[in-house]
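Colleague: Here is a sequence together with a model predicted from it:
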Amino acid sequence: MNKVGYFIIMAVASVGMMLMFSVANVEASMPAGQFAGITIEKGIVNNVTYETGGVGIEERAAMQKGIKGYDLRLVFATTKGHYLASIPVQIKTPDGKVLLTEKSNGPWFWAELPSGHYEVVASYKNREEMHKVDVGMRPQNVEYTWKQAK
């Protein structure tokens with residue numbers, strides 16, 4: 001091998017090593033639950049545990065790993081199939097008591113609720129949509145879809 005080829009191989013290997021160590025250091029310094037561009041939000045409000053996110057393939061894959069713990073699973077999209085984020089969500093008991101009011105961090109919003117009946121309200125561009133759900137025997141999957149403005 002000539003000297004030019006040797007120097008090219010060494011330069012490429014050096015750049016690769018620098019990138020590898022840079023990415024490792026960035027991931028290690030990010031807060032828990034936020035890595036490689038994944039920003040899944042988790043919280044507990046009035047004894048309701050929730051998780052929201054789902055922006056991008058990696059984030060959806062990370063959320064899928066913990067899906068079994070949630071008995072209410074909401075998805076937000078337009079009628080054309082475009083996912084939506086920053087959707088206000090409110091979960092209420094039938095008598096109107098508000099258990100949770102949060103904003104989605106992505107197109108998926110999951111909640112762990114005690115067995116019972118609930119009203120789940122979400123809104124997009126001042127258009128509110130309400131679904132009644134019965135949580136208990138099996139997880140409830142609810143899709144919210146809105147027409148996009150022309």
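Modeller: It's in.
Colleague: okay, now the domains of this structure?
Modeller: As assigned by automatic domain parsing, the chain contains the domains 1-30, 34-146.
Colleague: Tell me who's in contact with D134.
Modeller: 116-118, 140 (C-beta atoms under 8 Å, 6 or more residues apart in numbering). Where you see a C-beta, it was placed from the backbone N, CA and C, and this is true even at glycine.
Colleague: Sort out which of those are buried, if you could.
Modeller: Buried by 16 or more other C-beta atoms under 10 Å: 118, 140, out of the contacts of D134.
Colleague: got CSV for the contacts of D134, with distance to Y83, secondary structure and pLDDT too?
Modeller: CSV is the format used below for those (distance: C-beta to C-beta, whole Å; DSSP: H, G, I helix; E, B strand; the rest coil; pLDDT from 0 to 100):
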residue, distance to Y83, secondary structure, pLDDT
G116, 29, strand, 94
H117, 28, strand, 96
Y118, 23, strand, 97
Q140, 20, strand, 95
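Colleague: Of the contacts of D134, which is the nearest to T79?
Modeller: Nearest to T79 among these: Q140, at 21.3 Å, using C-beta to C-beta.
Colleague: Look at E58 and give its secondary structure.
Modeller: With DSSP: H, G, I helix; E, B strand; the rest coil as the basis, E58 sits in helix.
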